[in-house]
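Colleague: predicted model and sequence below, questions to follow.
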Amino acid sequence: MQIRITENKQIARNPGSSSREWNKATRIHVFHEGETLIQNLIERARRPVSMYRSKVLEAHPDLEGHIRWSQTAGCSCGCSPGFIADRTVRQDGLPVDIYITLSADEPEEEVDMSYVLMALGEAA
Ligand SMILES: [Zn+2]
């Protein structure tokens, strides 16, 4: 099984947010492509944190040694765990949070065309 990063977004905070929200340390949330909200809620307490960490650092090597996992990164109720950076990451001067999407699809198998051609030949 191969786990790929399919999306790596940095989303600027809403300028209308409170100064506390505006200045808090960057959160990094990891999503699974195709996961439903229900699956997400069921799985939220047992995420593969070390795999997530390596994927986040693959996308943002500069954060090595600067992130920690927190079950309450996104919300105090625990519904959106993630990593918290030890600083506020900025892009174009604006504070951002980071959203990584992973896909765990099996790599597509190579189709052996000789069988296809054989089948077509037999059909002709
Ligand atoms: Zn919540």
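Modeller: Alright, I've got the coordinates.
Colleague: what sits against the residue lying closest to residue 58 once chain neighbours are set aside?
Modeller: What sits nearest to residue 58 in space, not counting adjacent residues and going by C-beta to C-beta, 6 or more residues apart in numbering, is residue 5, at 6.6 Å. The C-beta positions use only the backbone N, C-alpha and C, and glycine is treated the same way. The contact partners of residue 5, taken as C-beta atoms under 8 Å, 6 or more residues apart in numbering, are 55, 58-59, 100-102.
Colleague: Three-state assignment for residue 5, please.
Modeller: Secondary structure of residue 5, reduced to three states by DSSP: H, G, I helix; E, B strand; the rest coil: strand.
Colleague: sorry, back to before: among the contacts of residue 5, which are in strands?
Modeller: 100-102 (DSSP state E).
Colleague: now the residue nearest to residue 58: how far from residue 41?
Modeller: 23 Å (C-beta to C-beta, to the nearest Å).
Colleague: now do residue 119
Modeller: Noted for residue 119: a distance of 46 Å to residue 41, by C-beta to C-beta.
Colleague: remind me which residues of this protein are low pLDDT?
Modeller: Low-confidence segments of the chain (pLDDT under 70): 106-111, 115, 122-124.
Colleague: please identify the buried residues of stretch 75-94?
Modeller: 80-85, 89 (16 or more other C-beta atoms under 10 Å).
Colleague: quick one: residue 31 is in a strand?
Modeller: Yes. Counting by three-state DSSP, residue 31 falls inside a strand.
Colleague: which residues does it bridge with?
Modeller: Per DSSP bridges, residues listed as beta-bridge partners of residue 31: residue 101.
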